[in-house]
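Colleague: the following comprises the amino acid sequence and a computationally predicted model.
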Amino acid sequence: MKCCLFLLFAILGWFTVGACGEGLDSQKSLPGLAHSDEAKEIDFIMYLMARGDLNEALFLLDEVSGSTVSLADSVFYLKGWAFYQQKALLPSANSFLQVSQASLLYPKSRLFGAYNLAHAGKLEQAKKAIGELQTDNEALLSALKNLQQSGIALLERDFHSFTVLSDRFSGRFHVLTTQEQSMIRHHDVLMTPSRRSPLVAGMLSAVVPGLGKMYAGKKGEGVAGMLYTLAFGATAYDFYRGGGPRSAMFIVSSSIAAIFYIGNIWGSVTAVHRKNREFNHEIDQRILFDMHIPLRNAYN
Amino acid sequence: MKLTNAFFLICIFLYVTPITSSPDVRADMLNGKRVESYGVVEPEAYQQHRFPLGDSLFGIGDYYLSAIEYERAYYLSDNQQVRMAANLGKVRALKQMGAFEKARNDIQRSLPFADDPSIRLKVLYEWVFCAYMAGIYNESLQAAQQIAFYFGDQKSKEVAGLLHALSLMQLERWTGLKDYLEGWTDMYTVAARDASSIQEMQLLANTLIHELQENQRPRIKNPERARLYSTLIPGMGYVYAGAAGQGSVNMLSQALSLGTAALLAFNGYYISTFTIGLGLFQSFYFGGIKQSGNLTTARNEKVMNGYKQTIGSLLIDFDTAAKQLQAKSVSRNSERALEETLLALYHFDFKKADSVSSNIAMMYADQYVAHFSRANYLWWLIITQPFSTVSENQYRESVSRSMALAKNNAGEMTDNQDLFYSISLYAMQARLDLKNGAYIRAMRNGRNAISHIERSKGKEDAFPGFLLTSGLYNYMTVQAGRKYPFLKIYSIFYPDGDRALGLAQLHEAAQSDYLIWQTEANYFLMRLYLEMEQEPDKALQYADWLTRTFPSNLIFQYYHLLILKALADNQAVLNKKDDIRFAAEKNRGISKQQRDYFLELISE
C-alpha cells in the first residue's frame, strides 16, 4: 500500500515536472536569443512542446543548426525538457548537462540534469554533475544544490556525507524547508537498524512453517505456506499411518511435504530480503520526490 | 457597341446570369488556396503561410513533416480562416498517418471558428470520421448529431449517415439504429421518382431492419447465470456458454476427484481424502464455476463481433446504394433549381433567384449545373445593376468551375444535355470577354462554343434546346456577316449558316411546351427582328408574349418600349413607361440600384 502511495507521488512528481515544461509557453522567448529566423523556429518549437507535440519538437530541434552558443544552449535546454516530459531520463540529462555555463538556463539545466541522473540510478554521474554547478554564492541556488547533494548522498546511503551536507540546511527558504526536514527524517529512518533478520525468519519457519514469512511482514504468504506445508505433511502422515514408511504413497507425499517445508524456510529468508528491497525502494522514491519538489517550486 | 450586341447574340442564348462566391471552399482550402469566405487567400498569403511546403510534403507522401508545416502555418497566422485551412491540412496528413486520435483532438480547435456552413460541415465531418476511426464511438455519434442539428437530417444523412449508423452499431444502440435506418430509407423513398432506382436500397434496408429486430439480434448470455449453473450442476455453465465439450471434461474431472476422495476414504486415508480428493475436487469445482463465466463473456464478445460485422457490411452496402441514388437525386435537384432560378429571374425576383442559386451551389458543390445556375443569376445581376460593385470575377469563377466539373463528369460530353450546357458555358465565358473588350479570348471561347454546336447539329429533335443554339448559329453566321462584312472573314473557318433555317428553328423553339425554351426563343426572336431584321412590327408579337407572361421583367418591358418607339407609337410609349415605372416600384424582389437603373433607362 505504501509502495503504491509512493508510486503515486512519483507519478504526480512527473506531471508537475510536465507542468514546468508547459510553463515555457508563457515565456515569449528563451534568454539570449537574437530575433532571428532561428529564434522564431525556437518559438515554434516551444509552442509545439506546450501543445504536447514532443516528438515533433524533438524532430525540429535536431534540425536547428545551433549556429551560436546561446542558440545551441536553447536547443539543449529544450531537448532536455522534451525528453524529460517523455520520461526519457538519460537523454534528458544528457541534453540538460550540455547547456553551457554562460547560459542563464545553466543552473536550472544542471539541477534537473543531475536530478534525472539520480532518478535513473546514475548516482556517481549525478553527484559529479551537481558538484560542477557553480552557485556564485547565490543563496537559494546553493541551498538547492545542497539539498540535491544531500538527497544523492541518502540514495547512496552515504550517511557521513549526508550529515555534513544536512548541517548546512538553513530552513531559510520556504521552497526547501519542508524537504530539508523530510531528508532528515529519511536519514533517521534509514539509520534505524532493521529488526528483521533473515536468519530469524528461516528459523521461525523451520519451527512453524510460514511463521518466518509472517515475521518478514508477508502475512498472506505465511498463512498460505503454512496451510500447504501442513496439508502435505498431514497427507504424508496419513500414508505413513496406512502404508508404512516404505509405501510408495508415503515416499511421494513425504517428499512433496519436505520440498514444501524446505522451500518455505528458504522463502522466509528471501522474504526478508524482498521486504528490505521494497523498503529501500519506497524510501528512495520519497527522497527523489523531496529532491524534485523544490526544483519545481523554484523554477515553475 | 452594335458589334458587341451582334456577337452577344451569337454567344448568348441563355442571356440571363451571374455570380456568387463559390461555396466549394473545401477543396480549395485543402489545397491551401482559399480560405476566406469567403474570399480567397491571395497568392502572397498562400506563400507566406507556408501552405506550399505542407502541400508539397503531403504530395510526396511525407505526412509527418507535412503535418508539422501545416501546424506552423496555423501557428504563424492570426487569421482564423488561414488557421482553419492549415488545421484541415494537418488533419488530412494525420489521417494518412493513421493518427486519428491526434487528428480528432486537433480538428476540434477549429470548430468554434467554423462560421461558414460549408466549412463547419467539413470540420464536423472530419471530427466524426477521426473520432470513429479512433474508436471513440460516443464522440463520433455526438459529432454526427451536431451535423444533424446544424444542417438538418437530410444533409446529415447524405454526408455522415454511414458513420452515424456505424457509431450507433458500435455502441449497440440497436433500436436507435433501426429508427435511424427507417428515417434514412424514407428520405430516399420520398426523393426517388422511379421505383426501380430505390429497389436495391429498399431491399438492403429491409434486410438490415430485419436483422436489427430484437429476435434476430444475438442473444447475450449472462455470465452470472453461467456461474450459477456451474455451481448447481458441474459443467452446466459451460453448456450454457456453448462449450459443452469443455463442460463434459470439467464434470468428469470433478467426478474423478470425488471418486479419488471416496477411494481414499474407503481405504482409511481420511486425511488424504480431505487434502488430495477434496482438494482436487474444490479446485475443479470452483475453477469450473469461474471458467464458465469467462467462457460466457468470451462467447458474447465473439457473437457480437460477428453480428456487428454483418450489420456493418450491410450498412456499407446500404450507404453505397444510397450514394448512387443520391447522385441521381442531386442531379435532378440541381436541374430543378436551375429551372427555379431562371423562372425567378424571368419574374425579376432576384431575392429568390439569389437564395435558390446560392443554396443549390452550396448543397451540390460538385454539380456543374448548380454553378451554372449561380452563374446565370450573377449575369442577370451584372446586366441589371451595371454600376454595382459585384465582381465579374465571381461570375467568371462560377462559369469556370461549372465548366471544369462538366468536363470531369461527362468526359467527352457526348450526352445531349452535357453538350448543351457545354455550349452555354463557352458562350457565357465569351459574352463576358466581349463585354470587357477581350476580343481574342472571346473569339477563342466562341470558337469552342461553335465547335460544340457543330457536334449538336441534327440532334434538335432529341433535345429541343439545340433548336436555340443551332437556330442562332444558322441565323447569325449569315445575317451578322451580311450586316458586319468583316465578320465574314471570321466565319469562313466555320460551316455555312442558313438564315431561314435559323429563324425556323427559333420559331419552333418558341412553340415548345417547355417554358424556358419558349421564353429564350421569344426573346431572341424579339431582338433579332428588332435589331437585325429592322422589323419592329414582327418583334412586337414576341415582346407582347414576353411582357404578358412575365410582366415584372423590366428587361422584357424595356425591349417592348424600344419596339414601340421604333413603331413611333407615342401614346403606347408613354403607357409603357408608366407600366415600367409601376412594375419597378412595386417589385420587392429587386434592389434599389436595379430599380433606379431601369427608371433612368426609360427616362432617356
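Modeller: Received it, and whenever you're ready, just let me know what you need.
Colleague: from here on, just use CA atoms for contacts and neighbour counts.
Modeller: OK.
Colleague: close to chain B: what parts of the stretch 151-300 of chain A are there?
Modeller: A:231-232, A:234-235, A:238-239, A:242 (C-alpha under 8 Å from any C-alpha of the partner chain).
Colleague: excluding chain neighbours, give the residue nearest to the closest residue to chain A within chain B in space.
Modeller: For chain B and chain A, the shortest gap (C-alpha to the nearest C-alpha) falls at B:Ser272, measuring 5.0 Å. Using C-alpha to C-alpha, 6 or more residues apart in numbering or on different chains and skipping residues adjacent in sequence, the residue nearest B:Ser272 is A:Thr235, 5.0 Å away.
Colleague: that neighbour: what's it in contact with?
Modeller: A:253-254, B:271-272, B:275-276 (C-alpha atoms under 8 Å, 6 or more residues apart in numbering or on different chains).
Colleague: can you tell me the average pLDDT over the helix or strand where it lies?
Modeller: If you go by DSSP states H and E, A:Thr235 is part of helix A:219-243. Across helix A:219-243, pLDDT averages out at 92.
Colleague: gap between the two ends of stretch B:382-400?
Modeller: Using C-alpha to C-alpha, to the nearest Å, the end-to-end distance of stretch B:382-400 comes to 17 Å.
Colleague: buried set for it?
Modeller: Neighbour counts using 16 or more other C-alpha atoms under 10 Å in any protein chain shown place B:382-385, B:390, B:392, B:394-400 of stretch B:382-400 among the buried residues.
Colleague: how about stretch B:417-425?
Modeller: Buried residues in stretch B:417-425, counted by 16+ other C-alpha under 10 Å: B:418-425.
Colleague: among those residues, which lie within helices?
Modeller: B:418-425 (DSSP state H).
Colleague: so which of those residues reach chain A?
Modeller: Among those, not one lies near chain A by C-alpha under 8 Å from any C-alpha.
Colleague: where's the dip in pLDDT among these?
Modeller: Among these, B:Asp418 carries the weakest pLDDT, at 80.
Colleague: just the closest residue of chain A to chain B, please.
Modeller: Closest approach between chain A and chain B, counting by C-alpha to the nearest C-alpha: A:Thr235, at 5.0 Å.
Colleague: show residues contacting stretch B:583-594.
Modeller: Contacts for stretch B:583-594 (C-alpha under 8 Å, 6+ apart): B:348-352, B:384-385, B:388, B:551-552, B:554, B:595, B:598-599.
Colleague: mind redoing it with 6 Å?
Modeller: If you take C-alpha atoms under 6 Å, 6 or more residues apart in numbering or on different chains as the criterion, stretch B:583-594 is touched by B:349-351, B:384-385, B:552, B:595.
Colleague: and the buried ones among these, selectable in PyMOL?
Modeller: PyMOL command restricting the contacts of stretch B:583-594 to the buried ones, with burial defined by 16+ other C-alpha under 10 Å:
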select buried, chain B and resi 349+350+384+385+552+595
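Colleague: where in the stretch 151-300 of chain A is pLDDT low?
Modeller: Residues of the stretch 151-300 of chain A that meet the criterion pLDDT under 70 lie in A:194, A:300.
Colleague: any idea how far the longest helix anywhere in chain B is from the middle of the chain?
Modeller: Identified as the longest helix of chain B according to DSSP H is helix B:279-346. Per C-alpha atoms, centre = their mean, to the nearest Å, the displacement of helix B:279-346 from the mean C-alpha position of its chain is 24 Å.
Colleague: which neighbouring elements make contact with that helix?
Modeller: The elements that helix B:279-346 packs onto, with contact taken as 3 or more C-alpha pairs under 6 Å, 6 or more residues apart in numbering or on different chains; DSSP states H and E, are helix B:223-232, helix B:236-241, helix B:244-266.
Colleague: rerun at 7 Å
Modeller: For helix B:279-346, the packing partners by 3 or more C-alpha pairs under 7 Å, 6 or more residues apart in numbering or on different chains; DSSP states H and E come out as helix B:137-170, helix B:195-212, helix B:223-232, helix B:236-241, helix B:244-266, helix B:350-363, helix B:368-384.
Colleague: please point out which parts of the second one sit buried.
Modeller: For helix B:195-212, a neighbour-count test (16+ other C-alpha under 10 Å) marks B:197-198, B:200-202, B:204-205, B:208-209, B:211-212 as buried.
Colleague: what angle do it and helix B:279-346 make?
Modeller: For helix B:195-212 against helix B:279-346, the angle by axes from the mean of the first three to the mean of the last three C-alpha atoms, to 10 degrees is 160 degrees.
Colleague: what of the longest one?
Modeller: Angle of helix B:137-170 versus helix B:279-346, following the same axes, to 10 degrees, is 100 degrees.
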